[in-house]
Structures are given as structure tokens and as C-alpha cells.
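> Build me a model:
(one chain, ligands or ions: 2)
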Amino acid sequence: MTFTRSWTLLLAAALGLASASAQESWSPARQKLTPAVQRALGSGASTVRVLIRMRGQRGSAPVGQLSAADAAVRMALRREEARRAAAVLLSELASRPLASSKATPLAPGVRASVVPAAPTPRAQELWIANSVLVDADPALIRELAGRSDVERIYRDVRIQAIPRQELLRKAGASALAAGSSWAVDKVRAREAWSKFGGRGEGVVIGHIDTGVDAAHPALDGRVLRFKDFVNGKTAAYDDEGHGTHTAGSICAGGDGIGVAPGARLIVAKALDAEGSGELSKLLAAMQWMLDPDGNPSTNDRPAIVSCSWGVDRKQMKDIGSEDTFFWDAVQAWRDADMLPVFASGNAGPGAEIIPAAYPIALAVGATDLADAAPGFSTGAETAWNGVTYTKPDLAAPGHGILSTAPGGQMRSLNGTSMACPVVAGIAALIKQARPRATASEIERLLITGAVDLGEPGKDTRFGLGRVDALASVTAASATVAPAPAPTPVVRPAPSTGSDAVKTRLARGVLMLVVGLVAAFGLQLFF
Ligand SMILES: [Ca+2]
Ligand SMILES: [Ca+2]
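Ligands and ions are numbered 1, 2, ... in the order given. As a prediction, this is how the structure comes out:
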């Protein structure tokens, strides 16, 4: 979005020009339904949980340089735009007579509904993707598809977001009493610690996975915040083990397990004991990362988010969804100046795993002790909107990686899931060395320090190279002057006026909207 567009939308909304219409005939409206929704209707399902994406906001902007203030304004505008786009629909849903008594309740731990005590179908805002989640019967789905303010309707399907062979219980990994991870030495993290005296202290990393065993001795004090999107529990736990392992690679203490043992985690459990999860829960977890304390006026979002999960691009189509499903959410992180680090996948060369394959995600492939790429590590030339990109972007140790396991254990595992947190940990060391570094600058410093492997330059096995903490932190420390405050370029737009004036106007409108929200006591979600 642009500030110009924000301004136009907000102005239009303020003037009451935005309105919903259900004038379209069913045939074109049906095209708004993803194949999964069409199949559900065809099968005679009485209730289908759907994600309704509203028109208005689209997150297709290229990555731009942002200041912290720009990021805060942009995030607030995104939230308000999404709320505005969904306001009419939500109010109508809230007052709608119950069409079906078979609507299932929302998952535990999900706070929802625009109006307290709203009758079902209850709706949950997922403003990160300009979407609303609702349990709807076929009649309601058809009605929704006919609305002019509705762009697309997805079925909320469950995906296997962590490959089964990577799961702890199925991996047959042997428990080890102690030891250190070769990854920490390979990326020269110890040398970075000793040379610069920091281990990521003061840096917060987001972590979306199967949870975390926060009581593990090596993770003591590392978990700053935990939210369970699967079972609604309040205390941190991990009923699979994958999340505890990836968390450990980021920041476990002890004898060289975590790359940044001074960093702390904000943990979202969005994947269940089978390593799978619903699309809506992943979106909700991604949204929560933007504002973990639920107070938009505080910037408590993590600088970096580590995501050792994904789904095959083709599979998203096979299950009747779309390969761009997570795009808006990843872009929202970028807009909020958060670095999205994703495992590139374990499907081998040629596959495309999303969100890692998105050009706006930082995809991490795996290397082994000899700096070779294991066969499972995914990389490919990937095309989006007619432009081809090479993935992964970087590589990191992801073979025979020792890390924490639930119950105070240590285990060794293979996977790009293990490589991803190594990069997130180095990003934390960079952020500590240069606190004002934006997400884009952190990314650039990761690349600057990487050791090119394989074919010269970027390739589909190693990306731009295997990360090196010492080189990256050295570069971060050596850069004396921070980059000049960038113009918030989100999308190329004709220069018809002063960007500064537009920004001031946008901020003025934002303050007005926030004031109105406060005055009318509307609930802000998450
Ligand atoms: Ca906050
Ligand atoms: Ca190369």
C-alpha cells in the first residue's frame, strides 16, 4: 500500500463512500471461492470454516528500507485499513440471525468477535492478511461471495507444515547427555562472542513452531512470552519437540548449542503434536508477532522471526488453496521492519516451499560439516509474477545439529529447520552489534558475511553462501554511520507531490482514527 492509497481509503471511509454491495450474480461470485471451498460446498458440508479476504489492502509491495517510526505508522495503518475493510461485514455478521446451529466454536485461546456476545457465526479478524475467519453455512458463503467488498474466500485447511521425517518422535534421534553443536563453531559464533563481547543480549526473536520446553535447563530464562494457538494453554510447552530443538539452536545456553545464547524468544505454538496446523492458526500467530502484548502503542514486536516450517507450493494448489496465501502476512512483517527467516524445505532440489520461496522471505538451506549441501535441502529457481528468483537466499549448518529436546534432553537432527534458527541467531548478534539496523540491513550484513559455496555467486544449493557470524558481526560493527533515513518506498508511485506531506497527512489521519477508536471504545484485537 502507499500512503497515498491509505489516505484515499481512509478519506473515502470517513466520507461514507465505502459500502458493501451484494448485487453481483452468483456465477462470477463463485470464482471468488477457492477450489477447496467449492469442493466443500459440493460435498454437502453443513458448515465450512472460511477465511474471507476483503478488498482494499494488498501486500504485494517490494521490500523497502524503513525507519522504526515508518514501520510503526505503516503497521498501524495496515491494521486500521483492514478493520475498516471488514467493518461492514463484521457488523452484519454480528447481527445476523443464526443461519445454522452447526457452526463450530472457534479454537480455544482465540479471542474474537467485533461485538461482544455476537451470535454465531462468530468472526475473527485476521487483519495481517486483510481477512476475516468465520464458520459459515453454504448459504452464507454464497452470500459472502456476492459481496463487492469480498475479494476471495479460502477454506481453512490444515497443512503438514513440518515434514514428518523431521519430527523428533519419528526421527529416531538418540538422546545425548551433553556436547556442543558443530554449527556454533562452523559459523564462528564463539569468535564473534569473544571479539565483541555480546551473545545477542537485548535482542528478541520471534519463533513459530510446535512450542518450546521453557523449563529445559539450557533454555532457562530464554522465553520472554508464549502463546498457544493450538490448545490455548498458558504455560509454555512443546508436545512434539521440533520447536524446542529450533529454539535451542537460536539461544540455548550451555556449551555452544545456541548461536545467540543471550537473545530471548517470543514463542507462538501454531503447530500441533503432529507438526501440522490450520492456515488460520498460522496467520493468527504471524499476526500476534506484530503486537505480542496487544497494545499497539508499544513496540514489542521481535526484530527477527524464525520459522522452521512451510508447505510445498504445489500442495497448496492441490488442497484447493493458493500459493500466495501467506504473502500478505510475510509482507506485513517486512512493513513492520521484522526479518522473516524461513527454512527452505527438505524436499530436495527443484521443490518450492512456501513461504520460503517468496522473494520477500529470507530462505535458508542446509549445509553439513564439510560445507556440502545435503540432498534434502530444497532450492530452485522460483517464479512469481513473471520474475524468477533463486532460492534459498543463504545456507547454514543443518545436518547432525545438536540441540535441546523436551525433558531436559539433547538430540541431534537433520533439516533446513535446523539451519533456519542458526541464521536467526546470527541476525540477533548483528542486531546487538548495530541496534539501529533495519531488517533489510541485517539481511544485507548476513549476506556480506556469507561464504560463497558451490557455483560462483548465488545458486540453488547455497543461495548467496553459508553464513558466518564473525564476518557479519565484524561488518556490522565496522559500519560506523547508519544508513540514511530511507524514504518509505513500498511501491513505485507517480511523484505527484511531496512524500513528506503525504506522510504527515497519513500520520494525521492515523491519529484521528486512533482517537476515534479510543473514543468509541472499540476493542483492539490481539
Ligand atoms: Ca505492542
Ligand atoms: Ca555459490
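> When you work out contacts or count neighbours from here on, use the C-alpha atoms and nothing else.
Will do.
> Kindly export stretch 345-358 (C-alpha atoms) in CSV.
Written as CSV, here are the backbone C-alpha positions of stretch 345-358 (Å, rounded to 0.1, in the frame of the first residue of the first chain):
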residue,chain,number,x,y,z
GLY,A,345,12.4,-27.0,3.0
ASN,A,346,13.5,-30.7,3.0
ALA,A,347,12.0,-31.8,-0.4
GLY,A,348,15.4,-31.6,-2.2
PRO,A,349,16.4,-29.7,-5.2
GLY,A,350,13.7,-28.4,-7.5
ALA,A,351,10.9,-28.1,-5.0
GLU,A,352,9.4,-24.8,-3.9
ILE,A,353,8.3,-24.5,-0.3
ILE,A,354,6.3,-21.5,0.8
PRO,A,355,6.6,-19.1,2.4
ALA,A,356,10.4,-19.6,2.0
ALA,A,357,10.1,-19.4,-1.8
TYR,A,358,8.5,-15.9,-1.7
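> buried stuff in that stretch?
345-349, 351-358 (16 or more other CA atoms under 10 Å).
> just stretch 76-89 next, same as before
Residues of stretch 76-89 classed as buried by neighbour count (16+ other CA under 10 Å): A76, L77, R78, R79, E80, E81, A82, R83, R84, A85, A86, L89.
> any chance of those in CSV, with distance to G400 and secondary structure too?
Shown next, in CSV, are the buried residues of stretch 76-89 (distance: CA to CA, whole Å; DSSP: H, G, I helix; E, B strand; the rest coil):
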residue, distance to G400, secondary structure
A76, 42, helix
L77, 44, helix
R78, 41, helix
R79, 42, helix
E80, 46, helix
E81, 46, helix
A82, 44, helix
R83, 46, helix
R84, 49, helix
A85, 48, helix
A86, 47, helix
L89, 50, helix
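> Specify which member of those residues is nearest to A235.
Checking the buried residues of stretch 76-89 against A235 with CA to CA, the nearest one is R79 at 28.2 Å.
> Would you confirm that the closest one contacts L126?
No: using CA atoms under 8 Å, R79 is not in contact with L126; the gap is 9.3 Å.
> Return, as residue ranges, the portions of the stretch 401-526 of the chain with sub-threshold pLDDT.
Low-confidence segments of the stretch 401-526 of the chain (pLDDT under 70): 479-526.
> how about the CA coordinates for stretch 413-426, as PDB?
C-alpha atoms of stretch 413-426 as PDB (Å, rounded to 0.1, in the frame of the first residue of the first chain):
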ATOM      1  CA  LEU A 413      18.600 -33.700  14.000                       C
ATOM      2  CA  ASN A 414      18.900 -33.000  10.200                       C
ATOM      3  CA  GLY A 415      16.900 -30.400   8.300                       C
ATOM      4  CA  THR A 416      16.700 -27.000   7.000                       C
ATOM      5  CA  SER A 417      14.600 -26.500  10.100                       C
ATOM      6  CA  MET A 418      17.900 -26.600  12.000                       C
ATOM      7  CA  ALA A 419      19.600 -24.200   9.600                       C
ATOM      8  CA  CYS A 420      16.900 -21.500   9.800                       C
ATOM      9  CA  PRO A 421      17.400 -20.800  13.500                       C
ATOM     10  CA  VAL A 422      21.200 -20.600  13.000                       C
ATOM     11  CA  VAL A 423      20.600 -17.700  10.700                       C
ATOM     12  CA  ALA A 424      18.100 -16.100  13.100                       C
ATOM     13  CA  GLY A 425      20.700 -16.400  15.800                       C
ATOM     14  CA  ILE A 426      23.400 -14.600  13.800                       C
END
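> In it, which residues are buried?
413-426.
> For the residue most central in space within the chain, give its distance to M410.
For the chain, M286 is the residue whose C-alpha lies nearest the centre (CA atoms, centre = their mean; 4.4 Å). Between M286 and M410 the computed distance is 28 Å (CA to CA, to the nearest Å).
> A357 against G365, yeah?
No: counting by CA under 8 Å, A357 sits too far from G365 to count as a contact (11.2 Å).
> Mind listing the shared neighbours of these two?
Taking CA atoms under 8 Å, 6 or more residues apart in numbering as the contact criterion, the common neighbours of A357 and G365 are S344, P392.
> Would you mind listing what in the stretch 351-500 of the chain touches ligand 2?
Selection of the stretch 351-500 of the chain residues close to ligand 2 by CA under 5 Å from the ion yields D452, L453, G454, E455, P456, G457, K458.
> Would you mind giving the residues you listed as CSV with secondary structure and neighbour count added?
Listed next are these as CSV, based on DSSP: H, G, I helix; E, B strand; the rest coil; neighbours: other CA atoms under 10 Å:
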residue, secondary structure, neighbour count
D452, coil, 19
L453, coil, 19
G454, coil, 16
E455, coil, 13
P456, coil, 9
G457, coil, 12
K458, coil, 18
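> from those, which is closest to ligand 1?
For these, the minimum distance to ligand 1 (CA to the ion) is 37.0 Å, reached by K458.
> is it true that that closest one touches T390?
Yes: when contacts are counted by CA under 8 Å, K458 is listed as touching T390 (7.2 Å).
> Other residues contacting whichever strand or helix holds the residue nearest to the centre of the chain?
Using DSSP states H and E, M286 sits in helix 279-290. Contact with helix 279-290 is made by 51, 126-129, 133, 156-159, 206, 208, 229-230, 266, 268-271, 294, 300-302, 326, 329, 333, 336, 526, as judged by CA under 8 Å, 6+ apart.
> burial count for A370?
Residue neighbour count, defined by other CA atoms under 10 Å, stands at 8 for A370.
> need the contact list for it.
By CA under 8 Å, 6+ apart, no residues touch A370.
> Make 885 the first number, not 1, from now on.
Renumbered: residue one is now 885, and that last one reads A1254.
> Pretty sure it sits in a strand.
No: counting by DSSP: H, G, I helix; E, B strand; the rest coil, A1254 falls outside a strand, being coil.
> The residue of the stretch 1135-1284 of the chain at minimum distance from ligand 2 pairs with what?
Here the stretch 1135-1284 of the chain gets closest to ligand 2 at one residue, L1278, 9.6 Å apart by CA to the ion. On the basis of DSSP bridges, L1278 is bridged to V1248.
> Give me the pLDDT value at it.
On the pLDDT scale, L1278 is placed at 98.
> in the stretch 1235-1384 of the chain, which spans are strands?
1237-1238, 1246-1251, 1264-1268, 1271-1275, 1278-1281, 1285-1289, 1293-1297 (DSSP state E, counting those that start in this stretch).
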